[in-house]
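Undergrad: sequence first, then the predicted structure, then my questions.
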Amino acid sequence: MIVGSFGKRRRQAAPYASLAGWNELTTSPARGKRHAHSAKPSRPTPTPDPNRPPRTRAERIRRLVLALFVIFGAVPLLLCVLVYWSAEIPDPAAVQTNQIATVLAADGSTVIAKVVPPNGNRTPIPLAEVPQPVRDAMLSAEDRNFYSNPGYSTSGFLRAARDNLTGRENAGGGSTITQQYVKNAFLGSERTLTRKMRELVIAAKMARQWSKDDILAAYLNTIYYGRGAYGIAAATKAYFNKPVNQLTLAEGAVLAALVRTPSILDPETHLPDLTARWQYVLDGMVEMGVLAPGDRDATKFPAIIPLSEIPDDNVARGPEGLIRAQVVRELRSAGISEHELNTGALQIITTIDAKAQQSVLDAVRGRLDGQPPELRAAVVSVDPRSGAVRAYFGGFDGIGYDFAQAPLQTGSAFKPFAAIAAQQQSVPMNRMLDSSPVTDRGTKITNVDGESCGRCSMAEALKRSLNTSFYRLTMSMFDGPKAIADAAHAAGIPEEIPGVPGKTLTEDGGRPLNGIVLGQYLVRPIDMASAYATIGASGMYRQPYFVQRVVTGDGRVLLDRGAPDQQVGKQLPAGQQRIPRTIAENTTQAMTPIAAYSNGHALAGGRPSAAKTGTTQLGESKQNKDAWMIGFTPSLSTAVWIGTEQSQPIRTARGSDIYGAGLPADIWKQVMDNALDGTPVEQFPGPGAAAAQAAPTTSKPSGGSYDILNPPQGAPREPVIIIPPAPEGPKEMEIFPGLSIPVPG
C-alpha cells in the first residue's frame, strides 16, 4: 500500500517537477533574458500503461477491416441513401424535352425559319405508336432484362468502376435502359465514378416510381440515333423517311443497332459494322423468345435512304438560315438561356418585314440570274426610326458564309462621313473645293476619265463623287483621317468587327491614313445600312436589332421591345444624338440628287431618297472588285454590295465592268420601290441650302428604258476608287472550328 501510494503521488508530482524545470530554464543566466521569455514549457511524455496487454495480430486485422468497411462500405452506403432521398423524380408527363423554336416575320404569322436544338430535334410520340417488334429489338440491343431488373445493373456498375479505375476508353458502359435515360435526361455524360453512382441510385428510384412502359417511351424519344436525329420519330425519318408506326422488324433492328455507337455505325461509311450489329440484335431477339428462328432467317437487311435524300424540314438551308443565325445570337445577348431556347417552344417574332424581305430575294435572284456564277450579293435594310432590321440577305446558303457580315472596302460610299466631319469643323457644304489632281506621298490621286468641276462646292463634289476634292478636303482638315473615322464611328460603324484585327478604320490599330476618305478600310454591309440610317434619322443613332418579341409555348413573355411601358427583359437602348441634327440634315440634302444622277435610279413616284454609290479596284489592276449602292428614305435605309468570294474581277454577263451605279443600284431601286410600295411618300426635314448647291447638272433618262450596260454617250460613270493595298490582315475567317473561308475584299 505504501509503495502504491508513493507511486501515485510520484506520478502526480511529475507535472510540477516539469514546471520547476521550466522555471529553472527561464532563469538561467546562460540562456539570456530574451530567450528566456520566448521559451515554452515542454509537454509531459505519456507513460504507457504497463498493465495493458499488447494488441494481437488478429485484433489489428479486425481494426483494419472495420476501417475499410467504414471507408468503402458505410460511407458510400450513406451517400447513396442521401442521393436516393434527395433525388427528385418528376412525373413522366412533366419531363421537359427539347422543342423546336419558330422564327416569325414581324407580322407574327410568316414563318422564316425554325431553331432546332443542337441535340434535340425530338418529336415525342406515345409508346403505343412504336410497333412491338421495334420495341423488342431495342431491348435485345440494350437491355434484355429490362422488364425484370430493378432499373440498374450491379455487374454493369462494377465493370464501369473497374474501367474508370484502369483508364479504359470504354469506361462507363454496362448501363440498363433506365440508367441510360437518367444519364441523358438528368446527369450528362461525364465519365466519373461519382456520376455513375448517382446514375445507379436515381435509376433505382425511378424504376420504383415510373412504370416500365413510361421509361421505355421516354428512352425511345430522347436517345441519339446518328444523322443528327434525336428520338425515334426523327430517326425513322432520317433513315427510312416514314412514320414510326410503319417501321418493319428489320428497320427497327437497324435503329436499335445504331444506338450503341451511331458515329461508327453510319451506313454510308461503316455498313459492314452496322450489318454485324444488326445481326446481333436479331440473334438476341431469338434468345429472348420474341422472334422465331425461321422468321429471323427470313429477315433481310433493309434499304436505307442516302444522306443526300434526308428530308430536313427544320433546317433553314436557304437565305433565311442567315437570319436565324442572327436571331439566335441576339437572343443569347439578351439573356435568354440555351435551356429556354431549347425547351420553351419559343415563338420568336422578328423585325423582318415579309414584303421587304421578299423584295430583296426577288431583286437579287432576278438581277443575278444569267450573270457570272462567281458574283455574290449582300442586302440589308434598316428602319432609321427604330434600328429594326427589315430585310436581310447575306447569301443563298443558309449554313454558309454570311456576306452581310463580311468586312469589305466601301469606295466612295464612305465620302458622306467626310462631309459630316468637315461640317463638324465648321466647313460648310457650300465650301468651294479644287478638283484638280493631287499627289500625296508619291501617289497621284485623280478622278475617273479625268473628270473635273474645276472648283465646285462640297455638295457638288459629293454628287459627282470627285476623289480629288475629297482627298484635298481630308488633307485640309485638322487631323482629317481621324475626324472622318470618328464621324463614321458616331454614325454607327463599330469600333470592332469580327475578322478585322484591332480597332476598325485604323492603320494596324494606329491612326488612319488619308485614304480613309476613299473607303480604304473594311466595313460590313449591315454597318453601312445602319450608319446611313443614322444620317437619315437626323443624326440619331439606334442600334440595329432583329428580335421584337419572344413568347414561350405556355404564353410567358421573355422579351418584348414594344412600347416602353410594355417592355420585358433587356430593353432597347434609347436613340443617341450622335451627329448634330443640322449637320445630318444638310448631308442628307446633299445626297438627295445622287440616285437620279447615278444612271437614273430615282425612286418611283417621285419619292425622295438620299444615296451614295461606291466602287473599289482589284489591287493594281484596272478591274473592279466591290460595288455598292447605299441609300435611304425617312423610313428605310438599304445597303447593297456586289462582289465575289475570292476577290475576283466583277463583270456582267456581257463582260462590262460592274460599278456601284450599275447592278447594285438596280437591286437597290427595285428593293426600295417594292418594299415601300403603298406607303406614304415622305419628305426629308429641311430643305437646307445644300439642296440647291447640289442640283443635277447633267440630264438623265428616267424610267426602265435606260440601259445600264450600254449607257448613252456622255452619261456619267461611277468613279472607281483606286486604293493602295489594305493593311495586312487575316486572309481567312473561321466560321466553324476547323473550317475557314476566304474573306472577300
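TA: Sure thing, it's come through.

Undergrad: listing request: residues of the stretch 151-300 of the chain with sub-threshold pLDDT.
TA: Counting by pLDDT under 70, the stretch 151-300 of the chain shows low-confidence ranges at 154-174, 186-196.

Undergrad: ranges for the strands of it?
TA: With strands called from DSSP state E, counting those that start in this stretch, the stretch 151-300 of the chain shows them at 224-226, 229-230.

Undergrad: most packed of those?
TA: strand 229-230 (a mean of 23; mean count of other C-beta atoms under 10 Å). The way it works is simple: take the backbone N, C-alpha and C, and place the C-beta from them, glycine included.

Undergrad: that one: partners in the sheet, and parallel or antiparallel?
TA: strand 224-226 (antiparallel) (DSSP bridges).

Undergrad: one step back: which of the strands of the stretch 151-300 of the chain sits closest to residue 317?
TA: strand 229-230 (16.9 Å; C-beta to C-beta).

Undergrad: what residues are up against residue 481?
TA: Going by C-beta atoms under 8 Å, 6 or more residues apart in numbering, residue 481 touches 474, 511-514, 516-517.

Undergrad: isn't residue 413 right next to residue 630, touching?
TA: Yes: Residue 413 is within contact range of residue 630, at 5.3 Å (criterion: C-beta atoms under 8 Å).

Undergrad: which neighbours do the two share?
TA: Here residue 413 and residue 630 have 528, 612-614 as joint contacts, going by C-beta under 8 Å, 6+ apart.

Undergrad: could you report the neighbour count for residue 271?
TA: 14 (other C-beta atoms under 10 Å).

Undergrad: distance check, residue 269 against residue 226.
TA: Per C-beta to C-beta, to the nearest Å, residue 269 is found 11 Å from residue 226.

Undergrad: buried set for stretch 318-332?
TA: Neighbour-count burial for stretch 318-332, counted by 16 or more other C-beta atoms under 10 Å, picks out 319-328, 330-331.

Undergrad: helix or strand next in line after the one helix or strand residue 488 maps to, which one?
TA: Assigned by DSSP states H and E, residue 488 falls within helix 480-491. Downstream of helix 480-491, the next assigned helix or strand under DSSP H and E is strand 522-523.

Undergrad: what helices and strands are in contact with that following strand?
TA: Packing contacts for strand 522-523, counted by 3 or more C-beta pairs under 8 Å, 6 or more residues apart in numbering; DSSP states H and E, involve strand 408-409.

Undergrad: what helices and strands are in contact with the strand it packs on?
TA: Looks like strand 408-409 contacts strand 522-523 (3+ C-beta pairs under 8 Å, 6+ apart).

Undergrad: for the record, mean pLDDT for the strand it packs on?
TA: What strand 522-523 shows for mean pLDDT is 96.

Undergrad: pull up the pairing partners for it, direction included.
TA: If you go by DSSP bridges, strand 522-523 pairs up with strand 408-409 (antiparallel).

Undergrad: next SSE downstream of the partner strand?
TA: helix 415-424.

Undergrad: and the angle for that next one with helix 480-491?
TA: Calculated by axes from the mean of the first three to the mean of the last three C-alpha atoms, to 10 degrees, helix 415-424 forms an angle of 100 degrees with helix 480-491.

Undergrad: other SSEs contacting helix 415-424?
TA: Short answer (3+ C-beta pairs under 8 Å, 6+ apart): helix 415-424 packs on helix 458-464, helix 467-476, helix 480-491, helix 525-536, helix 581-591.

Undergrad: hang on, the earlier thing: now the helix holding residue 488 and helix 467-476, what's the angle there?
TA: Between helix 480-491 and helix 467-476, the angle comes out at 100 degrees (the same axes, to 10 degrees).

Undergrad: for the closest residue to residue 521 other than its chain neighbours, grab the count of nearby residues.
TA: Closest residue to residue 521 apart from its sequence neighbours, by C-beta to C-beta, 6 or more residues apart in numbering: residue 505 at 4.8 Å. Residue neighbour count, defined by other C-beta under 10 Å, stands at 25 for residue 505.

Undergrad: my read: residue 505 touches residue 493, true?
TA: Yes: counting by C-beta under 8 Å, residue 505 does reach residue 493; the two are 6.7 Å apart.

Undergrad: what residues are shared contacts of the two?
TA: residue 523.

Undergrad: residues in contact with residue 674?
TA: With contacts defined as C-beta under 8 Å, 6+ apart, residue 674 is in contact with 355-356, 358-359, 362-363.

Undergrad: what about 7 Å?
TA: residue 359 (C-beta atoms under 7 Å, 6 or more residues apart in numbering).

Undergrad: now swap in residue 476 and tell me
TA: Counting by C-beta under 7 Å, 6+ apart, residue 476 makes contact with nothing.

Undergrad: how far is stretch 435-449 from where the chain is centred?
TA: Computed by C-alpha atoms, centre = their mean, to the nearest Å, the chain-centroid distance of stretch 435-449 equals 44 Å.

Undergrad: export it as CSV, just CAs?
TA: Below are the C-alpha coordinates for stretch 435-449, written out as CSV (Å, rounded to 0.1, in the frame of the first residue of the first chain):
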residue,chain,number,x,y,z
SER,A,435,-11.0,69.1,-108.1
SER,A,436,-7.6,69.0,-109.9
PRO,A,437,-5.3,66.0,-109.4
VAL,A,438,-3.5,65.9,-106.0
THR,A,439,-0.3,64.0,-105.0
ASP,A,440,0.2,62.5,-101.6
ARG,A,441,3.3,60.5,-100.6
GLY,A,442,4.2,59.9,-104.1
THR,A,443,0.7,58.7,-105.1
LYS,A,444,-1.3,60.7,-107.6
ILE,A,445,-5.0,60.9,-106.9
THR,A,446,-7.2,61.5,-109.9
ASN,A,447,-10.8,61.2,-110.9
VAL,A,448,-12.2,58.7,-113.4
ASP,A,449,-11.7,59.7,-117.0
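
Undergrad: for PyMOL, write the select line for the buried members of the contacts of residue 481.
TA: This is how PyMOL selects the buried members of the contacts of residue 481, with burial counted by 16+ other C-beta under 10 Å:
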select buried, resi 474+512+513+514+516+517
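
Undergrad: quick check: the farthest pair among the contacts of residue 481?
TA: Checking the contacts of residue 481 with C-beta to C-beta, the most distant pair is 511 and 517, at 14.0 Å.

Undergrad: count of neighbours near the nearest residue to residue 676 once chain neighbours are set aside?
TA: Among residues not flanking residue 676 along the chain, residue 636 sits closest, at 6.3 Å (C-beta to C-beta, 6+ apart). Look at residue 636: counted by other C-beta under 10 Å, it has 26 neighbours.

Undergrad: spit out the contact partners of residue 636.
TA: 381, 383, 390, 672, 675-676.

Undergrad: got the phi and psi for it?
TA: For residue 636, the backbone dihedrals are phi -160, psi 130 (criterion: degrees, to the nearest 10).

Undergrad: any idea how far it is from residue 413?
TA: Residue 636 sits 17 Å away from residue 413, going by C-beta to C-beta.
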